[in-house]
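1. fold the following, please.
(chains A and B)
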Amino acid sequence: MEKESGYTWKLGMFVTIGLLLFIMAVYFIGKQQNLFGSTFHISSQFKTVSGLEVGNNVRFSGINVGTVEQIQLKNDSTVRVVLVMKEEVRKFIKTDATASIGSDGLMGDKVLTISPGAKSQKEIEDNGQIASVDGIEMHDIMKSVKKSVDNIGVISDEIAIFSHSMNNGNGALARLVKDDKMANSVSNTLSNLETGTKGFSENMEAAKSNFLFRGYFKKKEKEKKEKQEERKEKQEEKKEKQEEAKKEKEEKAAKEKEQKEKEEKQKQEDAKKAEIKN
Amino acid sequence: MIVAIKNTFAEIGETTLFAKRFFKEVFIPPYETKEFLKQCYVIGYKSLPLVAITGFIMGLVLTLQSRPTLVKFGAESWLPGMVALSLIREIAPVITALICAGKISSGIGAELGSMKVTEQIDAMEVSAVNPYNYLVVTRVLACTLMVPLLVFFADAVGIIGGYVGINIHGDVNFYRFLTQIIQSLEFLDLFPATIKTFFFGFFIGMIGCYKGFNASNGTESVGQAANSAVVTASLSIFIIDMVAVQITDLFF
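-> Modelled structure (predicted):
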């Protein structure tokens, strides 16, 4: 009997540890797949799942919180994806959260990402549904790249035509670039223009001192001065107003009348002068 | 030539009958519990050091060997997952089974062969003890149940070996290492491999018993029984492995 128990406990230990290893492996792998522990389901509908498969990870804020349990076609343009998620993250997922499909690295598996919404405070229910955001597909990128490449093709064609006509054509630009005579005549024209405008500005100066136009220029200066005076008067008036409101008002009215009369006279004079000039 | 083929078929037929007898007698009392436990001890516990050392070296070597290729692809972080996957799926079951074929199958073949030669089996029959029930059923059953357990040990020790292998070149936390392994494993990796090991165990025990039980009279036949038990068991392990992988591949 003594001898028997000598090996029995060793055998027992061997069997126990062996089975324990197996159970641990099953438990940890199962935990990975959310088989144990409380879970809840949510679903979302996509136009395309771009290669998402059952068993792919579900991420929320970058943490793996569940797996894809089921992918089924609902109709020709809708795919329903059912997710199984850990119960403890349910309180963080609100009803306006959105699901999107991305990939984990360049070569990695597809990953379903749940992004939090902004407004809702209501946490999602079991078997609830959340909205989906269509991810950027490779062929979408390719489409836009193709569009710009096509445009570039058109542009380069036109540039080719343009440069060809520049080099070989007889147009104005081509002659300007290629022909020495043309360039010389353009530069001559420009220098003529320069001297012409100089003379013109001298003429203008001369016209100012001419007796026929002198009146016009003087009148302009006068008007400027009067305007400045008026501004000064108004500023003074404002100051006086604050001091003596009533009296000032009367005086002001008188002044204004005078000013108006003056202005009318001036206008009449201006008109007369203009008539003379003409 | 034709006689040789006929003999081969005859042997296969006899083995099948021998196996059929096992399934019949395993349910018929008396149950030889004490002998069964003793065989479990001999087959399981006594093989543990051998299996553990092999498993450790396998994990270590596999890690070191596959490291350069993965580094080339910049996928060094997949190393733990890959090593654990190949250990659990293929290497630990097959290597453990081969070692058991060498150790257990030859042992059983030699033991039963010498019992047969010295007419102890006949003596049992005379003394109203069913020799098949007492010798074969206990051993085959013990083999079938102990080999999977040895494979679990080999898996665990092999993973530790892989950890050591990784830490020769880099520095990976043990917890991080385990997380990476568990992340890369599925039930599909564990269960078919486990089911496979039951078949390995059954065939190791069965072939050892058959060779020993049918040893012809004469001392040299004991060695012959042991030898052919090892060869046949090893061969059958590879064949079962191939079939099992094919079936797994077919269904999943």
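
2. what's the closest non-adjacent residue to residue A:214?
-> residue A:208 (7.3 Å; CB to CB, 6 or more residues apart in numbering or on different chains). C-beta here means a position set from N, CA and C on the backbone, and glycine is covered the same way.

3. the one you found contacts residue A:218, doesn't it?
-> No. Under the criterion of CB atoms under 8 Å, residue A:208 makes no contact with residue A:218, lying 9.9 Å away.

4. kindly export the helix or strand hosting residue A:83 (C-alpha atoms) in CSV.
-> Element membership of residue A:83, judged by DSSP states H and E, is strand A:78-86. C-alpha atoms of strand A:78-86 as CSV (Å, rounded to 0.1, in the frame of the first residue of the first chain):
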residue,chain,number,x,y,z
THR,A,78,-26.4,46.8,-47.4
VAL,A,79,-24.3,44.5,-45.2
ARG,A,80,-25.3,44.0,-41.6
VAL,A,81,-22.4,43.5,-39.1
VAL,A,82,-23.2,42.1,-35.7
LEU,A,83,-20.6,42.8,-33.0
VAL,A,84,-20.1,41.0,-29.7
MET,A,85,-18.6,43.3,-27.1
LYS,A,86,-17.6,43.3,-23.4
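
5. strand partners of it, parallel vs antiparallel please.
-> Strands adjacent to strand A:78-86 in the sheet, as given by DSSP bridges, are strand A:39-46 (antiparallel), strand A:63-75 (antiparallel).

6. mind putting the ones you listed into CSV with mean pLDDT and mean neighbour count?
-> Compiled in CSV, the strands paired with strand A:78-86 are given as follows (pLDDT from 0 to 100; neighbours: other CB atoms under 10 Å in any protein chain shown):
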stretch, mean pLDDT, mean neighbour count
strand A:39-46, 87, 19
strand A:63-75, 85, 15
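
7. and the helices in the chain?
-> This is for chain A. Assigned by DSSP state H, the helices in chain A fall at A:2-32, A:138-168, A:172-178, A:180-209, A:211-243, A:245-277.

8. oops, I was thinking of chain B
-> Using DSSP H, helices in chain B cover B:2-25, B:33-43, B:48-72, B:79-86, B:92-100, B:106-117, B:120-126, B:131, B:138-169, B:174-184, B:187-213, B:220-251.

9. nearest to residue A:182, of those helices?
-> Closest to residue A:182 of the helices of chain B, according to CB to CB: helix B:48-72, at 65.3 Å.

10. that closest one and chain A, are they touching?
-> Yes. Helix B:48-72 reaches chain A (CB under 8 Å from any CB of the partner chain) through residue B:48.

11. please name every helix or strand in contact with that helix.
-> Counting contacts by 3 or more CB pairs under 8 Å, 6 or more residues apart in numbering or on different chains; DSSP states H and E, helix B:48-72 packs against helix B:79-86, helix B:92-100, helix B:138-169.

12. show me the shaky parts of the stretch 1-150 of chain A.
-> Regions of the stretch 1-150 of chain A meeting the criterion pLDDT under 70 cover residues A:1-5, A:33-36, A:105-108, A:135-137.

13. chain B contacts on that one?
-> Residues of the stretch 1-150 of chain A lying near chain B (CB under 8 Å from any CB): A:4, A:7-8, A:10-11, A:14-15, A:17-19, A:21-22, A:25-26, A:28-33, A:55.

14. of the residues you listed, buried ones?
-> Neighbour-count burial (16 or more other CB atoms under 10 Å in any protein chain shown) is assigned, among the residues of the stretch 1-150 of chain A next to chain B, to A:7, A:11, A:14-15, A:18, A:21-22, A:25-26, A:28-29, A:32.

15. can I get these in CSV including distance to residue A:154?
-> Listed next are those as CSV, based on distance: CB to CB, whole Å:
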residue, distance to residue A:154
A:7, 88
A:11, 84
A:14, 79
A:15, 78
A:18, 73
A:21, 68
A:22, 68
A:25, 63
A:26, 63
A:28, 60
A:29, 58
A:32, 54
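
16. find the pair from those with maximum spatial separation.
-> Checking those with CB to CB, the most distant pair is A:7 and A:32, at 37.5 Å.

17. need the strands paired with strand A:78-86 in CSV with distance to residue A:129, can you?
-> Converted to CSV, the strands paired with strand A:78-86 look like this (distance: least, CB to CB, whole Å):
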stretch, distance to residue A:129
strand A:39-46, 5
strand A:63-75, 12
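
18. residue B:111: which of these is closest?
-> In terms of CB to CB, the element of these nearest to residue B:111 is strand A:63-75, at 50.7 Å.
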